[in-house]
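>>> The following comprises the amino acid sequence and a computationally predicted model.
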Amino acid sequence: MNSLKKKAVIISGDGNTVYWFRRELISDLQNIHYDVHILAPDIKEQFLDTFLSNGVHFSKLALKRKTMNFLDSLVSFFSIKKNLKNISPDILIAYTLKSVFLTGICLYFLNIKNTTALITGTGHIFNNQSRFGKFKKFLVVTALKISMPSYRLVFFQNPDDRAVFLENRIVKNEQIRMMNGSGVNLDIFTQVKLSADPIFLCISRLIKSKGLLEYAEAAKLVKLDYPDAKFLLYGYPDDHSDSIDEQEIINNWSKIYGIEYHGFSSNPEQTIALASVFVLLSHHEGTPRVVLEAMAMGRPILTTDAPGCKETVEHGVNGFKVPVRDSEAAALHMKKLMNNNLRLSMGKASRKIAEEKFDVKKVNANLIREICFN
């Protein structure tokens, strides 16, 4: 290692998302002479091999991202603290809420000044109105109020999440910055000719809050009038309270809803190329990267007016926005998208918006300028 290089640490609850969403950021940091260290609990072997071959360091954390167990959190705290103390980074970037919280607590015990949290979504935490949901929100808000003051900068991907954090007095105005999602690589996700056939595609983790039940119900309604329309679903199971059983999808969704399930997509650009419309009916997002990828490839978008999703679509220009949990509205707009000329014009508009607003080069340049030069 070149001892003259500065060191950057990226901490995440999932090492695979660092590969999927932060590769370009890592490369940009390396280009301005930072040694980059990733701290995460797990990562696919092929992703790790790619990072290591490109001079990126990886340290495994003892972190369980979906548990609120105190002992597990304590173990994670000491794991993060030990790694940060050993690396002594010049800049630190943390994302995923549990990683942000635990890292923020660690920072009180370490001399790291240039620290950034990326809020890439809040999930169910601020929306669940059940008694347990409200109690969980109270715990999370309290924890974040303790940890967030230790960050110099806090980036949000949509104004709704920013408003929630401000309303709950989790962050101060002077900490806040905005970013257009994690961006999309326009050189990888290039505009590809649309199929003339109506082929709807959703790529998602297999959880209800991604709107998969609404996607399935909408597909069933559309196929009553347009039996030749195709509805593709690519996804993978996730250990989540909101999970949909993959075997249930495999066994029943084709005959009940007309959904063609294909499992995990290891090559999203090839998968998106199959579609003439991309659909994500999520209940809440930061800014969904897969939608940006579909936009970059010139696909019209059908999504919800939920936080994070609504920022990707100009209604009637590059797609449509429908209310959350409204499968009938989704079906109605899918029927509008049976028009090939409309799909073509909206697809072109999607690519233009991706170039103007979501180009990863622009997104990362803004991020690096704020973190490294201000």
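Ah, there it is. Residues are numbered from 1 along each chain as shown.
>>> ok, which stretches of the stretch 251-374 of the chain are helices?
Counting by DSSP state H, counting those that start in this stretch, the stretch 251-374 of the chain has helices at residues 254-257, 268-273, 289-296, 327-336, 340-357, 360-373.
>>> Counting by contacts, list what the third one packs against.
Using 3 or more C-beta pairs under 8 Å, 6 or more residues apart in numbering; DSSP states H and E, the elements in contact with helix 289-296 are strand 199-205, helix 268-273, strand 277-280, strand 301-304, helix 340-357. Quick note: C-beta positions are derived from backbone N, CA and C, even for glycine.
>>> which residues sit against the first one?
For strand 199-205, contacts defined as C-beta atoms under 8 Å, 6 or more residues apart in numbering pick out 210-212, 215, 219, 229-238, 240, 265, 268, 271-272, 274-282, 290, 294, 299, 302, 334, 337.
>>> Kindly export that strand (C-alpha atoms) in CSV.
Extracted in CSV, the C-alpha atoms of strand 199-205 (Å, rounded to 0.1, in the frame of the first residue of the first chain):
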residue,chain,number,x,y,z
ILE,A,199,-43.6,-7.2,-22.4
PHE,A,200,-43.8,-5.9,-18.8
LEU,A,201,-40.9,-6.5,-16.4
CYS,A,202,-40.3,-6.2,-12.7
ILE,A,203,-37.0,-6.9,-11.0
SER,A,204,-37.2,-6.9,-7.2
ARG,A,205,-36.5,-8.6,-3.9
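>>> how many degrees apart are it and helix 327-336 in direction?
With axes from the mean of the first three to the mean of the last three C-alpha atoms, to 10 degrees as the basis, strand 199-205 and helix 327-336 are set at 140 degrees to each other.
>>> how far out from the middle of the chain is strand 199-205?
Mean-position distance between strand 199-205 and its chain equals 15 Å (C-alpha atoms, centre = their mean, to the nearest Å).
>>> Likewise for the fourth one?
Averaging C-alpha coordinates over strand 301-304 and over its chain gives two centres that are 16 Å apart (C-alpha atoms, centre = their mean).
>>> Give the partner strands of it in its sheet and their orientations.
Using DSSP bridges, the strands paired with strand 301-304 are strand 277-280 (parallel), strand 319-322 (parallel).
>>> Could you say which of the ones you listed is packed most deeply?
Highest mean neighbour count among these (mean count of other C-beta atoms under 10 Å): strand 277-280, with a mean of 27.
>>> how about JSON lines for the helices and strands packed on helix 289-296, with distance to Gly316 added?
What follows is the helices and strands packed on helix 289-296, written out as JSON lines (distance: least, C-beta to C-beta, whole Å):
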{"stretch": "strand 199-205", "distance to Gly316": "18"}
{"stretch": "helix 268-273", "distance to Gly316": "22"}
{"stretch": "strand 277-280", "distance to Gly316": "14"}
{"stretch": "strand 301-304", "distance to Gly316": "12"}
{"stretch": "helix 340-357", "distance to Gly316": "8"}
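>>> mind putting the ones you listed in a markdown table, mean pLDDT and distance to Ser147 included?
Listed next are the helices and strands packed on helix 289-296 as a markdown table, based on pLDDT from 0 to 100; distance: least, C-beta to C-beta, whole Å:
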| stretch | mean pLDDT | distance to Ser147 |
| --- | --- | --- |
| strand 199-205 | 97 | 26 |
| helix 268-273 | 97 | 33 |
| strand 277-280 | 98 | 30 |
| strand 301-304 | 98 | 30 |
| helix 340-357 | 98 | 31 |
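>>> just so I know, which of the ones you listed lies nearest Leu48?
Closest to Leu48 of the helices and strands packed on helix 289-296 is helix 268-273 (C-beta to C-beta; 19.6 Å).
>>> From the contact counts, what lies against the closest one?
Counting contacts by 3+ C-beta pairs under 8 Å, 6+ apart, the secondary-structure elements packed against helix 268-273 are strand 199-205, helix 289-296.
>>> Just the C-alpha atoms of that helix, please, in CSV.
Coordinates of each C-alpha in helix 268-273 appear next as CSV, following Å, rounded to 0.1, in the frame of the first residue of the first chain:
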residue,chain,number,x,y,z
PRO,A,268,-29.8,-6.8,-15.3
GLU,A,269,-28.9,-5.1,-18.6
GLN,A,270,-29.7,-8.2,-20.6
THR,A,271,-32.9,-8.7,-18.6
ILE,A,272,-34.1,-5.2,-19.0
ALA,A,273,-33.4,-5.4,-22.7
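>>> which parts of it are buried?
By 16 or more other C-beta atoms under 10 Å, the buried positions in helix 268-273 come out as 268-269, 271-273.
>>> same check, this time on stretch 317-332
318-322, 324-327, 329-331.
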